[in-house]
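> All I have is the shape, not the residue letters:
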């Protein structure tokens, strides 16, 4: 019967280890898939942005030369600088719409979050779950503390130096009592 128990115990331990290994592998693969997806999208965005910047510089130079030929040297340059400044202002004013939503979608699309509103709702949900978990932990901690509290009260009652001091005091008192009984 004892061997049946040890076999069941060993089998259960092996099953738990196997399950933990499977869950760890699942986490690794999902994390790798998500990370590679994010990095490939970021690299693509970086390359497209770089090529667009090169194209913008070449178009600016061509426009600068043409406008300098039409209006004269300083005026063509000022017109091109004004167009680029307007483009920068438009991009700066729309930066949250253009980029923030893109990065949220890129990072969290796999788990079903597609915009800022869904991300905020998910954060609120996680915060609620965290508070519930902390409350459960605090309740368990209080239960353990209340269980251990009488033990520490008894040990401090036995001796002012703690449990070991109380144990020494108790053994010396018992030794003295037994020693007096033997002398009689």
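Noted; the coordinates are in hand. It should be emphasised that the depicted structure is a prediction, and the values quoted were computed from it without experimental measurement. Numbering: from 1, shown residues only.
> what is the mean pLDDT for the strand or helix carrying residue 18?
Taking DSSP states H and E as the criterion, residue 18 maps to helix 2-71. For helix 2-71, mean pLDDT rounds to 81.
> And it, what does it pack against?
helix 73-93, helix 101-108 (3 or more Cβ pairs under 8 Å, 6 or more residues apart in numbering; DSSP states H and E). C-betas here are computed from N, CA, C, even on glycine.
> can you redo the ones you listed as a markdown table with distance to residue 134 and mean neighbour count?
Converted to a markdown table, the helices and strands packed on helix 2-71 look like this (distance: least, Cβ to Cβ, whole Å; neighbours: other Cβ atoms under 10 Å):
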| stretch | distance to residue 134 | mean neighbour count |
| --- | --- | --- |
| helix 73-93 | 41 | 12 |
| helix 101-108 | 24 | 15 |
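> give the contact list for residue 68.
75, 76, 77 (Cβ atoms under 8 Å, 6 or more residues apart in numbering).
> what's the answer for residue 26, then?
Per Cβ under 8 Å, 6+ apart, neighbours of residue 26: none.
> Quick check: it vs residue 122, distance?
Using Cβ to Cβ, to the nearest Å, we find residue 26 at a distance of 21 Å from residue 122.
> what does residue 49 give?
28 Å.
> which one of the two has more residues nearby?
Between residue 49 and residue 122, counting by other Cβ atoms under 10 Å, residue 122 is the more crowded of the two (14 against 10).
> secondary structure class for the closest residue to that one other than its chain neighbours?
In space, and not counting its chain neighbours, residue 122 is closest to residue 113: 5.8 Å by Cβ to Cβ, 6 or more residues apart in numbering. Assigned by DSSP: H, G, I helix; E, B strand; the rest coil, the conformation of residue 113 is coil.
> Number the chain from 777, please
All set: I'll call the first residue 777, so the last point we hit is now residue 889.
> count of residues packed around residue 889?
Per other Cβ under 10 Å, the neighbour tally for residue 889 reads 18.
> from memory it sits against residue 896, does it?
No: using Cβ atoms under 8 Å, residue 889 is not in contact with residue 896, being 9.7 Å away.
> looking at the helices and strands packed on helix 778-847, which has the lowest confidence?
Among those, helix 877-884 scores lowest, with a mean of 66.
> hang on, the earlier thing: among the contacts of residue 844, which one lies nearest to residue 864?
Proximity of the contacts of residue 844 to residue 864 (Cβ to Cβ) peaks at residue 853, which lies at 16.4 Å.
> How about that closest one: what's its closest non-neighbour residue?
residue 840 is the one closest to residue 853 (Cβ to Cβ, 6+ apart), at 5.9 Å.
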